[in-house]
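Visitor: Pasting a predicted model and its sequence here:
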Amino acid sequence: MIRAAIIGATGYTGAELMRILLLHPEATLEVATSQSSCTERVTDHYPALHGLCDLRFEENIPESIARRIDVVFLALPHGEAMEAAIAYHQLGVRVIDLSADFRIDDAGAYRNIYGKDHLAPQLLRQKVYGLSEINRTAIAASSLVANPGCYPTCTLLSVAPLAQKGLLCNPVIVDAKSGVSGAGKKPGPRTHFVEINEGFSPYGVGTHRHQPEITQEMDKLGTLQSDVIFTPHLLPLSRGMLTTTYLGLQPGTTVEQVVTAYEQFCQHEPFVYFLGLDRFPSVRDVRGSNNCFIGIHIDIAHQRAIVIAAIDNLMKGASGQAVQNMNIMFGLPEDCGLKGMLQVL
Ligand SMILES: NC(=O)C1=CN([C@@H]2O[C@H](COP(=O)(O)OP(=O)(O)OC[C@H]3O[C@@H](n4cnc5c(N)ncnc54)[C@H](OP(=O)(O)O)[C@@H]3O)[C@@H](O)[C@H]2O)C=CC1
Ligand SMILES: CC(=O)N[C@@H](CCC(=O)OP(=O)(O)O)C(=O)O
């Protein structure tokens, strides 16, 4: 059995991690930490877990927790996760960080994007970017996985089949929508019920911190130096994410080449499904699951395509992918404890 801890377990991704790990056949949840609710029962915060969890939230003390676990999930805000990652990594625990603290390869770029000096530039170079479908070999050998952001996950899975085959052309324009849980548990002026209910608006236009993350990882998918334009929007939904990506195709690309690229990419993937030409996903189709559904429209006369992908931001966009990465790191089937997780309606 893999013994796991969740740091920051009161938050939304922490709660999803508890839900998955408590039902996982090869893992046990040993520790759930909280700063604000230390010693309180997990079920007092998340009554849905009654019958599954007897734990109380503990204080995050790496020196004592590390002895009781094999892997730690950091579900802390970015900027806060760094220190915990360094401590657990030094203590020999495998680390899966859900925050953005280890996603950016370069410490200078991290400072520019997140406005904070990175405390462990050497670990930045050592980490593996945890997009499971692309980096599974490196993830298997890694002791520090930087779990991708939800928007980058959805976008990169949308373009990877074409980028890997060298069929992609710039610019890549991403029109993205997220449910409000993407902003975390603490409500703010942007996520207040009155603002969001029946509201729909863009944010971070031209400035969102996921644009450089997407560009960094898209550059590694093929030979193209990518030019990404990314605009996120907030949907009046609790969870779910849909990205519509407009992209160019290399001159001479055929419909068959594009379709084959997606079919081949998805063929052996446990969680990424190609719906086919002109069949498009809804966020409802992936709710509660670790799946990513992809549909495409091709305008071959203009050598362009529109790729639409849906994920659950809390699952494939965060906690589901984090457990997929744990499975890879510990040599388990990738879908272990994840496959049956879905809601039909
Ligand atoms: N929500 C999503 O869809 C996604 C989130 N992520 C990333 O995962 C991480 C966790 O996200 P999420 O669960 O949504 O966040 P939440 O805000 O819901 O939860 C974060 C938890 O961290 C704890 N915490 C510790 N220190 C601080 C601090 N200084 N300020 C605020 N909270 C603190 C809090 O628990 P306590 O006070 O009890 O200790 C809190 O419950 C973030 O880095 C986020 O960017 C990544 C992909 C998708
Ligand atoms: C709706 C919403 O606010 N979403 C968050 C992204 C959440 C996420 O995927 O990722 P990080 O781990 O990079 O925070 C945002 O736009 O900042």
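Guide: Thanks, I have the structure now. Ligands and ions are numbered 1, 2, ... in the order given.

Visitor: Residue 136 contacts residue 328, doesn't it?
Guide: Yes: using Cβ atoms under 8 Å, residue 136 is in contact with residue 328, at 5.4 Å. From N, CA and C alone the C-beta is placed, and that goes for glycine too.

Visitor: Among these two, which residue is more densely surrounded?
Guide: Remark: of residue 136 and residue 328, residue 328 carries more neighbours, 23 against 17, as counted by other Cβ atoms under 10 Å.

Visitor: In contact with the more buried one, which residues?
Guide: By Cβ atoms under 8 Å, 6 or more residues apart in numbering, residue 328 lies in contact with 132, 136, 139-140, 334.

Visitor: Tell me if I am right that it is in a helix.
Guide: Yes: membership of residue 328 in a helix is supported by DSSP: H, G, I helix; E, B strand; the rest coil.

Visitor: list the helices and strands the helix or strand encompassing residue 29 packs on?
Guide: Here residue 29 sits within strand 27-33, counting by DSSP states H and E. If contacts are counted by 3 or more Cβ pairs under 8 Å, 6 or more residues apart in numbering; DSSP states H and E, strand 27-33 sits against strand 2-7, helix 12-23.

Visitor: neighbouring contacts of the first one?
Guide: If I follow you right, that is strand 2-7. 14, 17-18, 21, 26-33, 60, 65, 68-76, 81, 84, 326, 330.

Visitor: which of the residues you listed are buried?
Guide: Neighbour counting over the contacts of strand 2-7 (16 or more other Cβ atoms under 10 Å) leaves 14, 17-18, 21, 27, 29-33, 60, 65, 69-76, 81, 84, 326 as the buried ones.

Visitor: from those, which are also near ligand 1?
Guide: Among these, the residues lying close to ligand 1 (Cβ under 6 Å from any ligand atom) are 14, 75-76.

Visitor: Tell me the one among the residues you listed nearest to residue 255.
Guide: Lowest distance from residue 255 to these (Cβ to Cβ) belongs to residue 75, with 42.2 Å.

Visitor: Look up the pLDDT of the closest one for me, please.
Guide: pLDDT for residue 75: 98.

Visitor: Repeat that for the one 4 residues further on.
Guide: On the pLDDT scale, residue 79 is placed at 95.

Visitor: Please apply the same query to residue 222.
Guide: Listed pLDDT for residue 222 reads 89.

Visitor: Ok, residue 208 next?
Guide: On the pLDDT scale, residue 208 gets 97.

Visitor: Surely it is in a helix?
Guide: No: read with three-state DSSP, residue 208 is coil and lies in no helix.

Visitor: does it really touch residue 232, like I thought?
Guide: Yes: in this structure, residue 208 is within contact of residue 232 by Cβ under 8 Å, at 5.6 Å.

Visitor: and for the two, which residues touch both?
Guide: Shared contacts of residue 208 and residue 232, counting by Cβ under 8 Å, 6+ apart, come down to residue 151.

Visitor: what does the lowest-mean-pLDDT helix or strand in the chain contact?
Guide: Counting by mean pLDDT, DSSP states H and E, the weakest-scoring helix or strand in the chain turns out to be helix 193-196, with a mean of 90. The contact list for helix 193-196 (Cβ under 8 Å, 6+ apart) reads 180, 187, 189-190, 234, 236.

Visitor: For that helix, list every residue counted as buried.
Guide: Buried-residue list, helix 193-196, by 16+ other Cβ under 10 Å: 195-196.

Visitor: next one: it to chain centre, how far?
Guide: 25 Å (Cα atoms, centre = their mean, to the nearest Å).

Visitor: Toward the C-terminus from that helix, list the very next helix or strand.
Guide: Heading C-terminal from helix 193-196 (DSSP H and E), you reach strand 201-202.

Visitor: Show me what that next one is packed up against.
Guide: Looks like strand 201-202 contacts strand 228-234 (3+ Cβ pairs under 8 Å, 6+ apart).

Visitor: what lines up beside the strand it packs on in the sheet?
Guide: With DSSP bridges as the test, strand 228-234 is paired with strand 168-178 (parallel), strand 201-202 (antiparallel).

Visitor: Show me what it is in contact with.
Guide: Residues from elsewhere that reach strand 228-234 (Cβ under 8 Å, 6+ apart): 151, 155, 171-178, 180, 182-183, 190-191, 196, 199-206, 208, 210-211, 214-215, 218.

Visitor: so which of those are also by ligand 1?
Guide: Answer for these near ligand 1 (Cβ under 6 Å from any ligand atom): residue 182.

Visitor: Give the ChimeraX command for selecting the buried subset of the contacts of strand 228-234.
Guide: Typed into ChimeraX, the line below selects the buried ones among these, using 16+ other Cβ under 10 Å:
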select :151,155,172,173,174,175,176,177,178,180,182,183,191,196,208,210,211,214,215,218
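
Visitor: can you map out the strands along this structure?
Guide: 2-7, 27-33, 71-74, 94-97, 128-129, 144-146, 168-178, 201-202, 228-234, 241-249, 272-277, 292-299, 304-311 (DSSP state E).

Visitor: and the second one, C-alpha only, in PDB?
Guide: Taking C-alpha atoms only, strand 27-33 is exported to PDB below (Å, rounded to 0.1, in the frame of the first residue of the first chain):
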ATOM      1  CA  ALA A  27      -3.200   3.700  -1.400                       C
ATOM      2  CA  THR A  28      -4.100   4.800   2.100                       C
ATOM      3  CA  LEU A  29      -4.600   8.300   3.300                       C
ATOM      4  CA  GLU A  30      -2.500   8.600   6.400                       C
ATOM      5  CA  VAL A  31      -2.400  12.400   6.900                       C
ATOM      6  CA  ALA A  32      -4.500  15.400   5.900                       C
ATOM      7  CA  THR A  33      -3.200  18.700   7.100                       C
END
